[in-house]
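Novice: task: produce atomic coordinates for the following.
(one chain, ligands or ions: 1)
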Amino acid sequence: MSKVTYFSGETFPLEMHKVRIIQKLSLLPIEERLKAMESAGYNTFLLQNRDVFLDMLTDSGVNAMSDRQQAAMLLADDAYAGSATFTRLHDKLKDVFGMPYFLPAHQGRACEHILAKAYIRPGSVAAMNYHFTTAKAHITELGGEVVELVIPEGLKVTSQFPFKGNLDLAAFEALVAERGVENIAFLRMEAGTNLIGGQPFSLANLRAVRAACDRLRVRLVLDASLLADNLYFIKAREPECADLSIAEIARAMADCSDIIYFSARKLGFGRGGGICVRDERIYRQLRGFVPMYEGFLTYGGMSVREMEAIAVGLDETLDEDMINQGPLFINHMVRELEANGVPVVTPPGGLGAHLDAMRFLDHVPQTQYPSGALAASVYLASGVRGMERGTLSEQRDPDGSEPLSHMELLRLALPRRVFTLSQVNYTIDRVRWLYANRRIVGGLRWVEEPEVLRFFYGRLEPIDGWQHNLVAQFRSDFGSSL
Ligand code: F0G
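Specialist: So this is what the prediction gives:
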């Protein structure tokens, strides 16, 4: 991907790849979209993909593969133990991160499970720049507590600050002093901080965090699932790193970490995950959990074909022309929406464009899930499926009370190499229309609320039937257009 200047003087992202396999899409009329949303309980996770036009739910496991990845899959060595494919993936990870040990797992949350099993006891504290849903669920399930230490700027929806995922070092020191180092299970730094809008941290911050961990004797775990975007942002936004290659930045980040885990559904454009470890003692602490929960040590629940694809995908992650596609498309989407007055998280982060539901639907109280209502109404307006990242994605406290999320976001994820600029522009157009008609949209309430990870499969309904008014307005504005 590059950025080119048009004759008009405007600058647009330009794909540096071509499409060689396609999948036909359909865009249902809005009346059919309404029926689909009704049967999905107003939860975009429960929509059938055949009813979705552009699937911007996530980039997890749905990034487009390259010709080189597909070719590598044919070379996969299928063996329960000692597969040559495992050795190839392991060698590639050693190359990228410089860590000698690798424990494969079937996806990112499986790594979180293993780390929680190894280090979390009742009363343990897991410090982090910000939580991720599955990481937190594993920690709290075992009686641990998550403490978030992102800098205050990170929780401001709009900002000019380039590294909103940075950790607040003074708050970290204070936490360790208050709780005692023996109770701190680890410090988790999440690259491309997911729930606050895909915001990166800087290499300078990570290095300062490393120094603090050395001083305080705390283990540093890097969640590298969203590493690709963070690498790009360090190169693009951190002047001291402008001359480093993406590979050098990746190595510098790894050098700060004791343990790196990742979802290869994101990092490496495949499906799988794993934990890289520098220290043999830590490797031995974690190793036993892999055959118990995942699979033998040389596949950990992954298919060998996917492992081959990940090894090549890691190479492509270090290729700036490849990894900048996400951030450049997202930048285009965010800046266009912003220019048209639509409230969005700024600066543009990785993963996707994030709409600020708190301002978009400022008439809907947080207890009526504005970001869930926005996810449902964007689908109705466009056939585009996004993901709620707000109070619905939180879990209830042990006493049953419901914490309100710091931010109410609708994420429109841009899986890599999947959508074209005209599809992105269509999405921008329909979001603009919805913003102009935002007063029609109301809140949601539960019909069925699961106890664990409720956002995945809970069912809701609109309060006061606003969905019918939205459909009527769409027809009156667009006539018979889809
Ligand atoms: N860590 C981060 C930062 C993630 O974004 C994810 C997944 C995981 C861990 C868990 O990995 O899905 O392979 O088990 N994020 C997906 C998303 C689900 O859509 O944002 P997984």
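
Novice: Asp397: what secondary structure?
Specialist: Secondary structure assignment for Asp397 (DSSP: H, G, I helix; E, B strand; the rest coil): coil.

Novice: please begin residue numbering at 58 from this point
Specialist: Will do, 58 is the new start, and the previous item becomes Asp454.

Novice: and Gly500, backbone torsions?
Specialist: phi -90, psi -180 (degrees, to the nearest 10).

Novice: again but with Gly155, I slipped
Specialist: phi 70, psi 20.

Novice: equivalent analysis for Ile316, please.
Specialist: Dihedral pair for Ile316: phi -140, psi 140, per degrees, to the nearest 10.

Novice: so what's it closest to, chain neighbours aside?
Specialist: Spatially, and ignoring its direct neighbours in sequence, Ile316 is nearest to Val278 (4.6 Å; Cβ to Cβ, 6 or more residues apart in numbering). Quick note: C-beta positions are derived from backbone N, CA and C, even for glycine.

Novice: give me the number of residues near the closest residue to Val214 other than its chain neighbours?
Specialist: The shortest distance from Val214 to any non-neighbouring residue, by Cβ to Cβ, 6+ apart, is to Asp413 (4.9 Å). Other residues lying near Asp413 total 24 when counted by other Cβ atoms under 10 Å.

Novice: hmm, back to that, relative to the helix or strand containing the residue nearest to Ile316, what are the paired strands and their orientations?
Specialist: Taking DSSP states H and E as the criterion, Val278 maps to strand 277-280. Within its sheet, and counting by DSSP bridges, strand 277-280 is paired with strand 241-247 (parallel), strand 316-320 (parallel).

Novice: any idea how far the residue nearest the centre of the chain is from the ligand?
Specialist: Against the mean C-alpha coordinate of the chain, by Cα atoms, centre = their mean, the closest residue is Asn251 at 4.5 Å. From Asn251 across to the ligand, the span is 4 Å (Cβ to the nearest ligand atom, to the nearest Å).

Novice: then Ile339?
Specialist: 19 Å.

Novice: got the contact list for that residue?
Specialist: Taking Cβ atoms under 8 Å, 6 or more residues apart in numbering as the criterion, Ile339 is in contact with Arg276, Asp315, Ile316.

Novice: isn't the second one right up against Tyr340?
Specialist: Put plainly, it is Asp315. No - using Cβ atoms under 8 Å, Asp315 is not in contact with Tyr340, being 10.9 Å away.

Novice: which neighbours do those two have in common?
Specialist: Val334.

Novice: re earlier: next one: the residue nearest to Val214 from Glu247, what distance?
Specialist: According to Cβ to Cβ, to the nearest Å, Asp413 and Glu247 sit 21 Å apart.

Novice: equivalent analysis for Thr101, please.
Specialist: 23 Å.

Novice: do Leu466 as well
Specialist: Leu466 is 16 Å from Glu247, by Cβ to Cβ.

Novice: which one of those two is surrounded by more residues?
Specialist: Each of Leu466 and Glu247 has its neighbours counted (other Cβ under 10 Å); Leu466 has more, 32 against 27.

Novice: name the nearest residue to Thr355, ignoring sequence neighbours.
Specialist: Phe143 (4.0 Å).

Novice: so where does that neighbour fall, helix or strand?
Specialist: Using DSSP H and E, Phe143 sits in helix 141-154.

Novice: and the residue nearest to Val214, what's its pLDDT?
Specialist: For Asp413, the pLDDT comes out at 98.

Novice: OK, contacts around it?
Specialist: Val214, Thr215, Pro400, Val401, Val402, Met464, Glu465, Leu466.

Novice: beta partners of it?
Specialist: Leu466.

Novice: buried sites along stretch 209-217?
Specialist: Glu210, Gly211, Lys213, Val214 (16 or more other Cβ atoms under 10 Å).

Novice: measure stretch 332-352 end to end?
Specialist: End-to-end span of stretch 332-352 (Cα to Cα, to the nearest Å): 14 Å.

Novice: same check, this time on stretch 303-322
Specialist: 20 Å.

Novice: which bits of this protein sit near the ligand?
Specialist: When proximity is defined by Cβ under 6 Å from any ligand atom, the chain lies next to the ligand at 115, 117, 164-166, 189, 191, 247, 251, 280, 282-283, 320, 322, 330.

Novice: can you tell me which of these end up in helices?
Specialist: With helices taken from DSSP state H, the overlap with the residues of the chain next to the ligand comprises Gly165, Arg166, Thr191.

Novice: which of those lies closest to the ligand?
Specialist: The closest of these to the ligand turns out to be Gly165 (Cβ to the nearest ligand atom; 2.3 Å).

Novice: picking up where we left off before, count of neighbours near the residue nearest to Ile316?
Specialist: Around Val278 there are 26 residues (other Cβ under 10 Å).

Novice: same check, this time on the one 3 residues further on
Specialist: Using other Cβ under 10 Å, Ala281 is surrounded by 31 other residues.

Novice: how about the one 4 residues further on?
Specialist: Close neighbours of Ala285, defined as other Cβ under 10 Å, add up to 33.

Novice: what's the answer for Leu224, then?
Specialist: The burial count for Leu224: 26, using other Cβ under 10 Å.

Novice: that one bridge partners, please.
Specialist: Val207.

Novice: check contacts around it.
Specialist: Asn186, Leu206, Val207, Ile208, Leu244, Met246, Phe258, Asn262, Val266.

Novice: just the local confidence number for the fifth one, please.
Specialist: Each residue has a pLDDT score; the one for Leu244 is 98.

Novice: which residues of the chain score low on pLDDT?
Specialist: 58 (pLDDT under 70).

Novice: ok, now which ones touch the closest residue to Tyr176 other than its chain neighbours?
Specialist: Nearest non-adjacent residue to Tyr176, counting by Cβ to Cβ, 6+ apart: Ala242, 4.2 Å away. Residues in contact with Ala242 (Cβ under 8 Å, 6+ apart) are Tyr176, Ile177, Arg178, Ser181, Val182, Ala183, Ile196, Gly201, Arg276.
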